[in-house]
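Chemist: The sequence and its predicted three-dimensional model are supplied below.
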Amino acid sequence: MRDRETEIEKRRERARMETFSVARIPSTVVQKFLVKGASGRAYQIVIDREMNLKSCECHDFLSAGLGTCKHIEAVLRQESSSGSGPASSSPPEVGRKSNKQASGDRTALSSAGRESKEESVSKPRHLVCFDVETQNSFDDVGGRQHFDKLRVSVAVLYDESLNQYFVYDESEASQLIDHLFAADLVVGYNLLGFDYAVIQPYSERDLKKLPTLDLMHELERKLGFRVKLDSVASATLGARKSGHGLQAIEWFRAGELEKLTRYCQDDVKLTYDLFKFGASQGYVCIDIRGSRQRVLVEWK
């Protein structure tokens, strides 16, 4: 505990000693700031007042696991001096979930986690789980051959190593893709048949080369037919989706971005919980004509 407090205090000291320019970014859901240091590089800070959670896209925040960094502390200092700061300047507990973040230097995060084979054996794998919502439906764009016209409305990614949710809009699609390529395993439901195809137009990298565990694809391979996430989750976890894809498009068009983000995050949590259940128990359940059946899986 003492070491952690010492490290946090070091970052507060850097915030006091170094010069930062802090600009507020308009946002209706959470507070966003753009912080630029002496190096000239800018980082986006997100602060959720309601949950007292904070995040930064810098490598120190992503890798140190302290819940803060010098950029966040610089924002807190400015907000405190102006009288409009968050209720508490203490960082969130490690392991608390943040429901809003832009993204970070995934390349640095990835390389830091792979410095040597010996180190990688002792470190936990970097697993992420994500889901994408779109601005348009297939009917809007003329069919399934036009994935490039669906366009991202929001994507939510859960990073297991940080125990945090990251939220990306269309302008941040390239940063989302960086985050995916920094992972050792990408988990999702119908990634190969939908999500990757939606975000592929935003990158020249082949997303199907990502280390992927597509739960729907795995179940289809076992069963010989496709089964919806809602059906598997309800039979396995007793939990259901909080909405559906067409509703998500309506929320986007109505500007109800908080509802949209919450729905997408709910889907990610449901997928991750389903994965964890299957990985630990060796099976998931489905309903076949009112009969609950087990399907053996190997998701370890």
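Modeler: Great, that's in hand. If you're wondering where the values come from, they're calculated on a predicted model, not measured in any experiment.

Chemist: CA atoms for contacts and neighbours, from now on please.
Modeler: Will do.

Chemist: Sketch out the helices for the stretch 51-200 of the chain, chain order is fine.
Modeler: In the stretch 51-200 of the chain, the helices defined using DSSP state H, counting those that start in this stretch lie at 59-64, 70-82, 106-112, 117-122, 138-141, 173-181, 196-199.

Chemist: would you turn these into a markdown table with mean pLDDT, distance to residue 256 and mean neighbour count?
Modeler: Output for the helices of the stretch 51-200 of the chain, formatted as a markdown table (pLDDT from 0 to 100; distance: least, C-alpha to C-alpha, whole Å; neighbours: other C-alpha atoms under 10 Å):
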| stretch | mean pLDDT | distance to residue 256 | mean neighbour count |
| --- | --- | --- | --- |
| helix 59-64 | 79 | 29 | 18 |
| helix 70-82 | 85 | 27 | 20 |
| helix 106-112 | 40 | 29 | 16 |
| helix 117-122 | 38 | 42 | 10 |
| helix 138-141 | 85 | 20 | 12 |
| helix 173-181 | 91 | 20 | 21 |
| helix 196-199 | 95 | 21 | 20 |
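
Chemist: Tell me which of these approaches residue 276 most closely.
Modeler: Smallest distance to residue 276 across the helices of the stretch 51-200 of the chain (C-alpha to C-alpha): 19.0 Å, for helix 173-181.

Chemist: what distance separates the closest one from the centre of its chain?
Modeler: Relative to the chain's own centre, helix 173-181 is displaced by 10 Å; criterion: C-alpha atoms, centre = their mean, to the nearest Å.

Chemist: Show me what it is packed against.
Modeler: Counting contacts by 3 or more C-alpha pairs under 8 Å, 6 or more residues apart in numbering; DSSP states H and E, helix 173-181 packs against helix 106-112.

Chemist: ok so, going back, which one of the helices of the stretch 51-200 of the chain lies nearest to residue 167?
Modeler: Using C-alpha to C-alpha, these put helix 173-181 closest to residue 167, at 8.6 Å.

Chemist: Output that closest one as CSV, nothing but the C-alphas.
Modeler: C-alpha atoms of helix 173-181 as CSV (Å, rounded to 0.1, in the frame of the first residue of the first chain):
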residue,chain,number,x,y,z
ALA,A,173,-12.0,4.0,-34.7
SER,A,174,-8.2,3.8,-35.4
GLN,A,175,-7.5,4.0,-31.7
LEU,A,176,-9.9,1.2,-31.0
ILE,A,177,-8.1,-0.9,-33.6
ASP,A,178,-4.7,0.0,-32.0
HIS,A,179,-6.2,-1.3,-28.7
LEU,A,180,-7.3,-4.6,-30.3
PHE,A,181,-3.8,-5.2,-31.9
